[in-house]
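K.L.:
would you be able to build a 3D model of this:
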Amino acid sequence: MDNKILEFISRRRRQILVHSFLYYQLNESLIDDYTFDTWSRELVNLQSRYPTEAMKSVYAKEFKGFDGSSGYDLPYSRMEIQTIGHRLLKFVKRYK
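P.N.:
Here you go, the predicted model:
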């Protein structure tokens, strides 16, 4: 098992969750659609190429069947994701 790949999949999943929360729940967008789509395609590819790492990384069950087309159905209502989203939004707005 490749721990670097496992960590990268976990990071990408969290990024997609946080930015889905910001977009769908708070009507805020800190990244453009191109970036979100790139991250999503990248994650789909990684999950396909490294199924063992994908199953062992965070949110494996929630991202099963993720095709990258949208973050709308993802579990971004979790407190962990919302907390990160609010902190990120506050940080970005402070320095704008």
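
K.L.:
can you give the contact residues for the top helix by length along the chain?
P.N.:
Among the segments of the chain that qualify as a helix by DSSP state H, the longest is helix 3-26. Residues from elsewhere that reach helix 3-26 (Cβ atoms under 8 Å, 6 or more residues apart in numbering): 28-31, 36, 39-40, 42-43, 46-47, 50, 53-54, 56-59, 62-63, 71-72, 74-78, 81-82, 84-85, 88-89. All C-beta spots, glycine's among them, are computed from the backbone N, C-alpha and C.

K.L.:
now do the nearest residue to residue 56 once chain neighbours are set aside against residue 84, distance only.
P.N.:
Among residues not flanking residue 56 along the chain, residue 6 sits closest, at 5.9 Å (Cβ to Cβ, 6 or more residues apart in numbering). Going from residue 6 to residue 84 by Cβ to Cβ, to the nearest Å gives 20 Å.

K.L.:
then residue 35?
P.N.:
17 Å.

K.L.:
which one's more surrounded, those two?
P.N.:
Legend: neighbour count by other Cβ atoms under 10 Å for residue 35 and residue 84, higher for residue 84 (17 against 13).

K.L.:
which SSE is the more buried one in?
P.N.:
For residue 84, the host element (DSSP states H and E) is helix 79-94.

K.L.:
what helices or strands is that helix leaning on?
P.N.:
For helix 79-94, the packing partners by 3 or more Cβ pairs under 8 Å, 6 or more residues apart in numbering; DSSP states H and E come out as helix 3-26.

K.L.:
for the helix it packs on, the distance to its chain's centre please.
P.N.:
What separates the centre of helix 3-26 from the centre of its chain is 2 Å, taken as Cα atoms, centre = their mean, to the nearest Å.
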